[in-house]
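Trainee: The sequence and its predicted three-dimensional model are supplied below.
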Amino acid sequence: MFKLFNRSISYLFIIAFCCALLSLLNVVIQFTWLVLSVFILSIVIVFLIYQEESRDENHEMVNPELQPDVEQDELESKVQERTLELNIALQELEEVNKELQEKNTLDELTGLYNRRHYDQKILAEYRRSRRNLTPLSLIVIDIDHFKQVNDNYGHLAGDECLVVVATRIKQCLRRSADIGCRYGGEEFCLILPETDSNGALALAEELRESIEACHVNYNGTDIRLTISCGSSTYQQQKHVHPEHIFAVADQALYQAKNNGRNQVKQKNFTDISTE
């Protein structure tokens, strides 16, 4: 403020000096009043421009934090906008990754999980069973005489039978923790966490009866199906690993097939090598 006051006094002094000088020149040199008026008008315009600049400076001095606040608000708005865009992009990327992961773990024909997912989940559930001391059951399923279905009706009819069996499996698995997988060909696996041998036997028998009662209609042809099931239950037995759980259930499956098919067999963990 003091600086602005000094500048104003200086300009007024200059104007007064110019006026006195013009008056003296007018007396000595006889300036016309028209030239003198133009000169005075120019001085007034310069003075008004100076006043306008002074007001702007004064406004900035009165509000010294106004401009920084505006810039800060604009910066924060841009940051929020970019953050929102980044979150949207990350969400879209997560959805794409989830979709890709599902494609990598699902069997395209049946919609059940594939062999890769089975290998991952049986190991994870085995470790959880050991940690929580809870039973873990596995059911291995095979469609009886499936080769004859392909030979007699064609592979497309066989695919339709696989889809029907997978649909019945999904209907029997009512818990979100239960996992149905297509192990390969006409063979399926059911991973049943926190399920004892009685619960596994009951579910396998329910599935067997459901398949036996259904009719697959393909191009006007009625195809009857049956399945054989083998079951094993892990309850923290020593020297038992995920591959042993499958091997014992597979042995039970072959026992069911050798006994005439369309039945469920269970097998306990015996004669497991300690090597």
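Mentor: All right, it came through fine.
Trainee: Outside of the helix or strand that contains Gln171 itself, list whatever touches it.
Mentor: Using DSSP states H and E, Gln171 sits in helix 155-172. For helix 155-172, the surrounding residues in contact (CB atoms under 8 Å, 6 or more residues apart in numbering) are 107, 109-112, 141, 143, 146, 149-150, 180, 182, 186, 188, 190, 203, 206-207, 210-211, 214, 216, 218-219, 221, 223, 225, 227. Glycine gets a C-beta too; all of them are placed from N, C-alpha and C.
Trainee: Then stretch 120-137?
Mentor: 105, 113, 138, 179, 181, 191-197, 199-200, 231-236, 241-242, 245-246.
Trainee: 7 Å instead?
Mentor: With CB atoms under 7 Å, 6 or more residues apart in numbering as the test, stretch 120-137 has contacts from 179, 191-197, 199-200, 231, 233-236, 242.
Trainee: Please enumerate the strands of the stretch 101-250 of the chain.
Mentor: 136-143, 179-184, 187-193, 215-218, 221-224, 227-234 (DSSP state E, counting those that start in this stretch).
Trainee: mind putting those in TSV, mean neighbour count included?
Mentor: Converted to TSV, the strands of the stretch 101-250 of the chain look like this (neighbours: other CB atoms under 10 Å):
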stretch	mean neighbour count
strand 136-143	26
strand 179-184	21
strand 187-193	23
strand 215-218	14
strand 221-224	12
strand 227-234	26
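Trainee: got any ranges where the stretch 151-275 of the chain has weak pLDDT?
Mentor: 271-275 (pLDDT under 70).
Trainee: if you set the cut-off to 50 instead, what comes out?
Mentor: Scanning the stretch 151-275 of the chain for pLDDT under 50 picks out 274-275.
Trainee: Report the angle between the helix holding Gln171 and strand 179-184.
Mentor: 160 degrees (axes from the mean of the first three to the mean of the last three CA atoms, to 10 degrees).
Trainee: May I have the distance across stretch 163-180, first residue to last?
Mentor: 13 Å (CA to CA, to the nearest Å).
Trainee: which parts of it are buried?
Mentor: Within stretch 163-180, the residues scored as buried using 16 or more other CB atoms under 10 Å are Val164, Val165, Ala166, Arg168, Ile169, Cys172, Leu173, Asp178, Ile179, Gly180.
Trainee: Closest one to Glu92 out of those, please.
Mentor: Within the buried residues of stretch 163-180, distances to Glu92 taken as CB to CB reach their minimum at Ile179, with 28.1 Å.
Trainee: who's in contact with the closest one?
Mentor: Per CB under 7 Å, 6+ apart, neighbours of Ile179: Tyr113, Lys121, Ile191.
Trainee: Any idea what the residue lying closest to the first one once chain neighbours are set aside is bridged to?
Mentor: What that stands for is Tyr113. Nearest non-adjacent residue to Tyr113, counting by CB to CB, 6 or more residues apart in numbering: Cys181, 4.4 Å away. Beta-bridge pairing for Cys181 (DSSP bridges): Tyr113, Cys189.
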